[in-house]
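*Asks:* build the 3D model from these lines:
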Amino acid sequence: FSMIENDTGEIIAVGPGRRYHSDSVKIDYSNEPNQPGSSMKPLLAYASTFDILGWSTAHQVNDKKKDYWKNGSYAPKNSDGKYNGIMSLQDALGVSKNTTAAQAMIDLVTAKGYDYWIDYCKKLGFSDEVAEGFNEQYAIGGSSMRASPIQQASAYSTFANGGKRVDAHRVRKVVRRSDKKEFKTNAKTYDVISEQAAWMISQLLEKVVSGGYQNYNEILASNYTVYGKSGTTDWPANSYGIPEGVAKDEWSVGYTNKYTIACWSGYTTDAITNYGMYITWDDLNIASAFHISHYMLDYMQKYATYSALERPSGISDYKGGYIKDEFKSKGDTTSDNNNAQDACEASGGKWDEENQTCKKSDDKEREACEADGGEWDSEAGTCKKEEEKEEKRTLRLGKRTLVRLYDFTEVHWKMAEKKTEKDVQVIKKKPRGGNSPVIGDNGLMLEAGDNTKIMSINIALFNMQDIDMNDVNAVTQRLGEYFALYEKADLKP
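*Replies:* Numbers count the residues shown, from 1 in each chain. Next comes the predicted model:
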């Protein structure tokens, strides 16, 4: 671990490792880089959103499955494997969602470009090699992002020091023996984020500790205000016999108005390569890094007066949270866009993230496409001609339709040509019998009634294989698409 005085950058304590004094080879692990995991989220994904994107601390984010890295992997996934949709930024940080951090970083890179974030990483005190390899995955501590406890403590001191970081250093001054001349450390100060953004992210990180999220950060809580964030990384497939997915690194970062501590817990290279050691669930539950951080912050109270960070000017109250004055009149419009995106996709549109608008197919283009024998692709906004179309399956339905859901894994049926409106018959009987055409291959059944008016429907619309039948919202959305089409044809379901 490493502990730093926020306003001076002085390294006032280090823990080089529990075997440092007994090992023949002295490795100071306070200065050794490791993957920092989710402890990077406040530093990269969130703190700058208040300056650059105009977010408030009451901002709403969208936790959803998406191919964020655009490599076909639908990564990153959340550690609990769940997606909660629209949620507060505070909760996303409290439970450490990966998806929302990824999207925030993507938006920030879009706004400023890669060169800005390479320079930003250098201002935070990370090595040039790490900074120049920057990509969006750094926001969750992924890719080639590496940090030592000294670097991570120094980076976090920015939040307690009004958005400024003073270079971490161990030597205060040197006195020349011959003439007593003093040479003071020339520690450089960097403007990283605004004073307002530093205070706003700190309000969220205080809630990470005190908000009841049960993520080990609550161990930092004491009789003074403390701010903190955890971080873990998982083992990928490896040649050491270590199970894939178990913990590889554990981090606890905590700070007060006076000091910041970053503590890393993990195994040495020798323990990993020769003995296949890894962090077990029991190790995680012991939460050594968090107890060390708590102890050290408590111990250092004797040398300083702890207090909550003072709110700077230039911040306004906003919807139960805070926003920079310069964005107050406009408001946190990106939160509204999250809701607009959901509404757009639910109505069959495609959300344009760059322009923050909903794209829907033009009715005239679609009608012209279908009149010409083509098939309109609403997602791409293009017309597919006969030779491009996949097999099109059509079913004629009656005026009154009752919708029921069944759990079918495989149902096959074929379409019979009909010549008159009255000549509508059963395509497939459901298990208990009755006149009920089955649509799709997994779970949606329409029970047809009065056949006084009929219409043609593209069955691809009702394919249920790509959604979870236990997900009420997804099923409701799919049925909503059906009803919208049905009503458009002036038929009442």
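*Asks:* wait, doesn't residue 268 sit right on residue 32?
*Replies:* No. Judged on Cβ atoms under 8 Å, residue 268 makes no contact with residue 32 at a distance of 9.2 Å. The way it works is simple: take the backbone N, C-alpha and C, and place the C-beta from them, glycine included.
*Asks:* now list whatever residues contact both of these two.
*Replies:* Common neighbours of residue 268 and residue 32 (criterion: Cβ atoms under 8 Å, 6 or more residues apart in numbering): none identified.
*Asks:* count of neighbours near residue 313?
*Replies:* Residue 313: 7 surrounding residues under other Cβ atoms under 10 Å.
*Asks:* name the surrounding residues that touch stretch 314-323.
*Replies:* With Cβ under 8 Å, 6+ apart as the contact definition, stretch 314-323 has outside contacts at 50, 54-59, 90, 194-196, 199-200, 203, 324-326, 328, 331-332.
*Asks:* beta partners for residue 182?
*Replies:* Beta-bridge partners recorded for residue 182 (DSSP bridges): residue 175.
*Asks:* need the buried ones from the contacts of stretch 314-323 selected in ChimeraX.
*Replies:* Selection command for ChimeraX covering only the buried members of those, criterion 16 or more other Cβ atoms under 10 Å:
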select :50,54,55,56,57,58,59,90,194,195,196,199,200,203,324,328,332
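*Asks:* so which of the contacts of stretch 314-323 are in helices?
*Replies:* Applying DSSP state H to these, the entries found in helices are 50, 90, 195, 196, 199, 200, 203, 325, 326, 328.
*Asks:* of these, which pair is most distant in space?
*Replies:* Spatially, the most separated pair among the ones in helices among the contacts of stretch 314-323 is 90 and 326, at 21.9 Å (Cβ to Cβ).
*Asks:* now do the buried residues in stretch 267-287.
*Replies:* Buried residues in stretch 267-287, counted by 16+ other Cβ under 10 Å: 267, 268, 272, 277, 278, 279, 283, 284, 287.
*Asks:* just stretch 311-323 next, same as before
*Replies:* In terms of neighbour count (16+ other Cβ under 10 Å), stretch 311-323 has its buried residues at 315, 318, 321, 322, 323.
*Asks:* chain center to stretch 140-159, what's the gap?
*Replies:* Relative to its chain's centre, stretch 140-159 lies at 18 Å (Cα atoms, centre = their mean, to the nearest Å).
*Asks:* tell me the mean pLDDT for it?
*Replies:* The pLDDT scores in stretch 140-159 average 98.
*Asks:* residues near residue 242, how many?
*Replies:* Residues lying near residue 242 (other Cβ under 10 Å) number 18.
*Asks:* swap in residue 79?
*Replies:* 14.
*Asks:* ok, now how distant is residue 137 from residue 122?
*Replies:* In this view, residue 137 and residue 122 are 18 Å apart by Cβ to Cβ, to the nearest Å.
*Asks:* again with residue 289
*Replies:* 26 Å.
*Asks:* which one of these two has more residues nearby?
*Replies:* residue 289 (28 against 16).
*Asks:* isn't the more buried one right up against residue 265?
*Replies:* Yes. Under the criterion of Cβ under 8 Å, residue 289 makes contact with residue 265 at 4.3 Å.
*Asks:* which neighbours do these two share?
*Replies:* The contact sets of residue 289 and residue 265 overlap at 250, 251, 252 (Cβ under 8 Å, 6+ apart).
*Asks:* wait, the second one touches residue 228, no?
*Replies:* If I follow you right, that is residue 251. No. Between residue 251 and residue 228 there is no contact under Cβ under 8 Å: 10.3 Å.
*Asks:* count residues in the vicinity of residue 372, would you?
*Replies:* Counted with other Cβ under 10 Å, the neighbours of residue 372 add up to 10.
*Asks:* ok, and the closest non-adjacent residue to it?
*Replies:* residue 383 (7.5 Å; Cβ to Cβ, 6 or more residues apart in numbering).
*Asks:* what's the helix or strand for the one you found?
*Replies:* Secondary structure from DSSP states H and E places residue 383 in strand 382-384.
*Asks:* can you mark which positions in that strand are buried?
*Replies:* residue 383.
*Asks:* mind giving me the packing neighbours of it?
*Replies:* When contacts are defined as 3 or more Cβ pairs under 8 Å, 6 or more residues apart in numbering; DSSP states H and E, strand 382-384 packs onto helix 363-371, strand 375-377.
*Asks:* is it possible to get JSON lines of the ones you listed that adds distance to residue 10?
*Replies:* Shown next, in JSON lines, are the helices and strands packed on strand 382-384 (distance: least, Cβ to Cβ, whole Å):
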{"stretch": "helix 363-371", "distance to residue 10": "66"}
{"stretch": "strand 375-377", "distance to residue 10": "62"}
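*Asks:* what's the closest of the ones you listed to residue 293?
*Replies:* strand 375-377 (54.0 Å).
*Asks:* quick one: mean pLDDT over that closest one.
*Replies:* Averaging pLDDT along strand 375-377 yields 74.
*Asks:* that one: how far from the chain's middle?
*Replies:* Relative to its chain's centre, strand 375-377 lies at 33 Å (Cα atoms, centre = their mean).
*Asks:* which strands border it, and is each parallel or antiparallel?
*Replies:* Taking DSSP bridges as the criterion, strand 375-377 forms sheet pairs with strand 382-384 (antiparallel).
*Asks:* quick one: low-confidence ranges for this protein?
*Replies:* Residue ranges of the chain with pLDDT under 70: 336-349, 351, 353-358, 360-364, 378-381, 385-467, 469-470, 478, 482-493.
*Asks:* let's go with 50 and repeat that
*Replies:* Low-confidence segments of the chain (pLDDT under 50): 387-462, 491-493.
*Asks:* that older thread, can you add distance to residue 155 and mean neighbour count and give the helices and strands packed on strand 382-384 back as a markdown table?
*Replies:* Compiled in a markdown table, the helices and strands packed on strand 382-384 are given as follows (distance: least, Cβ to Cβ, whole Å; neighbours: other Cβ atoms under 10 Å):
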| stretch | distance to residue 155 | mean neighbour count |
| --- | --- | --- |
| helix 363-371 | 51 | 12 |
| strand 375-377 | 47 | 17 |
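*Asks:* and the ones you listed: which comes nearest residue 176?
*Replies:* Among the helices and strands packed on strand 382-384, the nearest to residue 176 by Cβ to Cβ is strand 375-377 (77.4 Å).
*Asks:* just checking, residue 110 is part of a helix?
*Replies:* Yes. Note on residue 110: a helix contains this position according to DSSP: H, G, I helix; E, B strand; the rest coil.
*Asks:* burial of it, as a residue count?
*Replies:* Counted by other Cβ under 10 Å, the residues lying close to residue 110 total 12.
*Asks:* separation between it and residue 246?
*Replies:* Distance from residue 110 to residue 246, by Cβ to Cβ: 35 Å.
*Asks:* same question for residue 194.
*Replies:* Applying Cβ to Cβ, the value for residue 194 to residue 246 is 40 Å.
*Asks:* which parts of this structure are helices?
*Replies:* Going by DSSP H, the chain shows helices at 49-52, 89-94, 98-112, 114-123, 128-132, 149-160, 195-210, 269-275, 281-286, 288-299, 325-328, 333-346, 363-371, 472-488.
*Asks:* got those as CSV, with distance to residue 28 columns?
*Replies:* Converted to CSV, the helices of the chain look like this (distance: least, Cβ to Cβ, whole Å):
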stretch, distance to residue 28
helix 49-52, 35
helix 89-94, 31
helix 98-112, 30
helix 114-123, 23
helix 128-132, 18
helix 149-160, 9
helix 195-210, 27
helix 269-275, 14
helix 281-286, 22
helix 288-299, 16
helix 325-328, 43
helix 333-346, 43
helix 363-371, 66
helix 472-488, 51
